[in-house]
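Asker: Sequence and predicted structure below; questions after.
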Amino acid sequence: MKLKRLREFSQKVYNQMGTAKDAVFELMDAAILTLRPSCLAELSLSSVFRREWHSAYEALSDCRPHWSNLLKLFILEIPPIIHPILVADHSPYSLPDAVTLTEKTYEYQASSVSVNPPVGVG
């Protein structure tokens, strides 16, 4: 069932890619299969990219995907969230030049040097 759904999704994305869609899909496969590619030419050397190296550049310059339709497809694949996850950042901000004492707090500050105290004025 999952493989069928993946193929359907892949076909829908393929239909929205505009021109050079075959080469772009081969480039995507090469990007997935190549460990830490350093440049586009390296992707063109992958066994799944069956074209000449310059076709990689041409495919990206010729491809005119329908962005709004692709975005709608991607959004439909996001599963609904039953319990939202709220994220807050409590990074300490050092304020040694604070004007009043009420603006200053003592905050934990991680340090890689063991002799430094883990508490700073923030």
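Answerer: Arrived safely.

Asker: make it CA atoms for all contacts and neighbour counts henceforth
Answerer: Noted.

Asker: residue ranges with poor pLDDT in the protein?
Answerer: For the chain, applying pLDDT under 70 flags the ranges 1, 89-122.

Asker: How are the helices of it distributed by residue range?
Answerer: Counting by DSSP state H, the segments of the chain that form helices are 2-15, 21-33, 40-44, 53-62, 67-77.

Asker: list the buried ones in the third one?
Answerer: Buried residues in helix 40-44, defined by neighbour count with 16 or more other Cα atoms under 10 Å: 43-44.

Asker: helices and strands around it, which ones?
Answerer: Applying 3 or more Cα pairs under 8 Å, 6 or more residues apart in numbering; DSSP states H and E, one finds that helix 40-44 contacts helix 21-33, helix 53-62.

Asker: among these, which is nearest residue 2?
Answerer: helix 21-33 (18.7 Å; Cα to Cα).

Asker: which residues are contacting that closest one?
Answerer: 14, 37, 43-44, 46-51, 55-56, 59-60, 63 (Cα atoms under 8 Å, 6 or more residues apart in numbering).

Asker: biggest separation within the residues you listed, which pair?
Answerer: 14 and 37 (23.3 Å).

Asker: who has more neighbours, the two?
Answerer: Per other Cα atoms under 10 Å, whichever of residue 14 and residue 37 has more neighbours is residue 14, with 16 against 13.

Asker: Would you check how far apart that one and residue 2 are?
Answerer: Separation of residue 14 from residue 2 (Cα to Cα, to the nearest Å): 18 Å.

Asker: Alright, that wraps it up for me.
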